[in-house]
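S.K.: would you be able to build a 3D model of this:
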Amino acid sequence: MKLTLTSLALSAVMAASPALADLVFPDLSYRTGPYAAGGIPFSDGYNDYFTLVNERDGGIGGIKARVIECETGYNTEKGVECYESTKGEGALVYQPLSTGITYQLIPKVTADGIPLHTMGYGRTSAANGKVFSNVFNYPANYWDGASGVVNYLLEENGGDLKGKTISLLYHNSAYGKEPIRTLENLAAKHGFELKLLPVDHPGQEQKSQWLQIRRDRPDYVVMWGWGVMNQVAIQEAANVRYPMENFIGVWWSGAEHDVMPAGAKADGYKAVTFHNVGRDFPVFDDVQKYVVDKGLAAGAGDQIGNVLYNRGFYAAMLAVEAARKAQEIHGTAQIDAAMMRDGMEALEITEERMTELGMPRFGPSFSVSCENHGGPGLVGVTQWDADTQTWSMISGFNPTDREVIDALIAEDSAAYAAENNIEDRCN
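M.R.: Just a heads-up that it's a prediction; the model follows:
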């Protein structure tokens, strides 16, 4: 990793300073409960990146990172309890990995001055930094995901979806309902018919939905699922012989454990993404050397390169880069939550920097600003190969429909601002 003049200066300050407290990054994990299959690899990746930074680099700006893991079981009440019990430890940023927990924490983190990063989930309109001072959802949000699906289908159909039918199979929760308004607007814009098929938690019973899909014969099925719902849906699609190449999920419906139970029948299934897949990145050699081989891995060390491990790893990397930016802005290695918020709001991720980190093309280049806490919303598409049991990128990170998405963000955030008497903080 290249040392900048700023990092050299910080190192000099550190050499002349007394020992400082660790930089604290809570992990609101769920290694238990109905969604543990997704929660475990994400937390493993999140923890392993901080361990890598500590072992290889000596910490962030010379200060070790400390991860406080608190089990939520994907339960909103427990998530709030975890927040309350850990915020006093010097927490720099929270990543709750739950839309339900996110909605409860937004007013709390705003009052407490602690940033919240909801990468690819949470309240989508929090991308408007003029209203949501402490919430960030870069590099992409749910509405970007919905638009990314439609844009991909437009490409597959020569730019024309008129007369096509798309069925949305969604988790009947705040999370699952997030893309509906976006897809309704995009249906009106592009002339396709949208059909809604809710699936109740946890998603094990879907017979009626797939019988309806078999009757309706939609051109495409889009899935907004999580946990066992994904596995059941893919198996049911195979049972009714729905063409898997016409079945595409959001990024929370596109991991290895979602497709592997269906075996060869899952071949060709697709999912959108905001980061790359696989383990063919130099940084994972460092993880093997400094983390796994030293017995410091959060898990068994066998998840490296899997979709949700990579996602947790990526989330931690973005947190570390924001912390470095905060140290640079404030001229001190010992940052607090308010400084961390400033670092997140000034974050810029370039391909050059990603390459320095051993993660070339791992995610899109993007920048954050006072007005835009969500980045540009670039979305790629992955596809499952059942023979090799691997996901692969079948597109680059492409733009989404800003005309539709930005209008929805403006509308929803304006309503929130009015309800909570929030003035534009970026003027």
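S.K.: now do the SS call for the residue nearest to Gly396 when sequence neighbours are not counted.
M.R.: Excluding the flanking residues, the one nearest Gly396 by CB to CB, 6 or more residues apart in numbering is Gly380, at 6.1 Å. No exception for glycine: its C-beta is placed from N, CA and C like everyone else's. Classification of Gly380 using DSSP: H, G, I helix; E, B strand; the rest coil returns strand.
S.K.: which residues sit in contact with Met340?
M.R.: Shown in contact with Met340 (CB atoms under 8 Å, 6 or more residues apart in numbering): 92-93, 115, 322-323, 326.
S.K.: which pLDDT value goes with it?
M.R.: As summarised for this prediction, Met340 has a pLDDT of 98.
S.K.: mind listing what's buried along the host helix or strand of it?
M.R.: Here Met340 is covered by helix 337-345, with elements defined by DSSP states H and E. Buried positions in helix 337-345, judged by neighbour count with 16 or more other CB atoms under 10 Å: 337, 339-345.
S.K.: outside of the helix or strand following it, which residues touch it?
M.R.: Counting by DSSP H and E, the element after helix 337-345 in chain order, helix or strand, is strand 348-349. Applying CB under 8 Å, 6+ apart, the set of residues contacting strand 348-349 from outside is 139, 318, 321, 325, 363-368.
S.K.: sheet partners, orientation included, of strand 348-349?
M.R.: Next to strand 348-349 in the sheet, as set by DSSP bridges, lie strand 366-367 (antiparallel).
S.K.: how far does the partner strand sit from its chain's centre?
M.R.: Offset of strand 366-367 from its chain centre (CA atoms, centre = their mean, to the nearest Å): 15 Å.
S.K.: again with stretch 129-144
M.R.: 11 Å.
S.K.: can I get it in PDB, CA atoms only?
M.R.: What follows is stretch 129-144 as a C-alpha-only set of coordinates in PDB (Å, rounded to 0.1, in the frame of the first residue of the first chain):
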ATOM      1  CA  GLY A 129     -27.500  13.900   2.700                       C
ATOM      2  CA  LYS A 130     -29.300  17.300   2.800                       C
ATOM      3  CA  VAL A 131     -31.900  15.600   5.100                       C
ATOM      4  CA  PHE A 132     -30.100  12.600   6.600                       C
ATOM      5  CA  SER A 133     -26.900  14.000   8.100                       C
ATOM      6  CA  ASN A 134     -25.700  10.700   9.700                       C
ATOM      7  CA  VAL A 135     -27.000   8.000   7.300                       C
ATOM      8  CA  PHE A 136     -25.100   6.800   4.300                       C
ATOM      9  CA  ASN A 137     -26.000   4.000   1.800                       C
ATOM     10  CA  TYR A 138     -23.200   4.200  -0.800                       C
ATOM     11  CA  PRO A 139     -22.400   2.700  -3.300                       C
ATOM     12  CA  ALA A 140     -25.900   1.600  -4.200                       C
ATOM     13  CA  ASN A 141     -29.400   1.300  -2.700                       C
ATOM     14  CA  TYR A 142     -32.600  -0.800  -3.300                       C
ATOM     15  CA  TRP A 143     -34.000   1.600  -5.900                       C
ATOM     16  CA  ASP A 144     -30.700   1.400  -7.800                       C
END
